[in-house]
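Student: here is my input; please provide its structure:
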Amino acid sequence: MGEKQKVLYSYTCYTCHTMETSIRNIKEEDWIYFKVEAVKKGLSLGNFFSELLKEHKKIAKNPWKDILKGPRTLDNKTLDRIKAVHEKYRKDFKFR
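Tutor: Residues are numbered from 1 along each chain as shown. Okay, here's the model as predicted:
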């Protein structure tokens, strides 16, 4: 592949990753808010959307880490009471 063909191929592949599209069923007030926030940041709507999506991916990437390794929400006393109720329930209904 010649140098000119490589440049053309690279340009063609780059343009494949961008597209014009429309989004339907957006509330009017949400759309206005979105446009205002994009203008505040000095971004086009597409770039602002990409930035929002990138931030969302960072936050939503692995919520289980925070859930499983985060602070405990129940103390040991509460856990013991839940365990006792659970065992009584299983015993009353003759579950194993």
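Student: just the buried residues of stretch 20-36, please?
Tutor: Buried residues in stretch 20-36, counted by 16 or more other CB atoms under 10 Å: residue 34. Heads up, the C-betas are built off the backbone N, CA and C, glycines and all.
Student: what about that stretch, start to end distance?
Tutor: Taking CA to CA, to the nearest Å as the measure, stretch 20-36 stretches 20 Å from start to finish.
Student: quick one: mean pLDDT for it?
Tutor: Throughout stretch 20-36, pLDDT has a mean value of 91.
Student: what sits up against that stretch?
Tutor: With CB atoms under 8 Å, 6 or more residues apart in numbering as the contact definition, stretch 20-36 has outside contacts at 45, 48.
Student: can you map out the helices along this protein?
Tutor: All helices of the chain, identified by DSSP state H, fall at 3-16, 28-41, 45-60, 63-69, 76-92.
Student: export those to TSV and tack on distance to residue 22?
Tutor: Shown next, in TSV, are the helices of the chain (distance: least, CB to CB, whole Å):
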stretch	distance to residue 22
helix 3-16	19
helix 28-41	12
helix 45-60	11
helix 63-69	31
helix 76-92	50
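Student: weakest of those by average pLDDT?
Tutor: Taking the mean pLDDT of the helices of the chain, helix 3-16 comes last: a mean of 49.
Student: quick one: contacts for the spatially most central residue of the chain?
Tutor: Nearest to the geometric centre of the chain sits residue 60, at 3.8 Å (CA atoms, centre = their mean). Going by CB under 8 Å, 6+ apart, residue 60 touches no other residue.
Student: and it, how close does it get to residue 41?
Tutor: From residue 60 over to residue 41 the distance is 21 Å, taken as CB to CB, to the nearest Å.
Student: likewise for residue 86?
Tutor: Counting by CB to CB, the gap from residue 86 to residue 41 is 51 Å.
Student: what about residue 47, how many residues nearby?
Tutor: Other residues within reach of residue 47, judged by other CB atoms under 10 Å, total 12.
Student: compute the first-to-last residue distance for stretch 68-79.
Tutor: For stretch 68-79, the end-to-end distance is 16 Å (CA to CA).
Student: for it, which outside residues touch it?
Tutor: With CB under 8 Å, 6+ apart, stretch 68-79 has contacts from residue 82.
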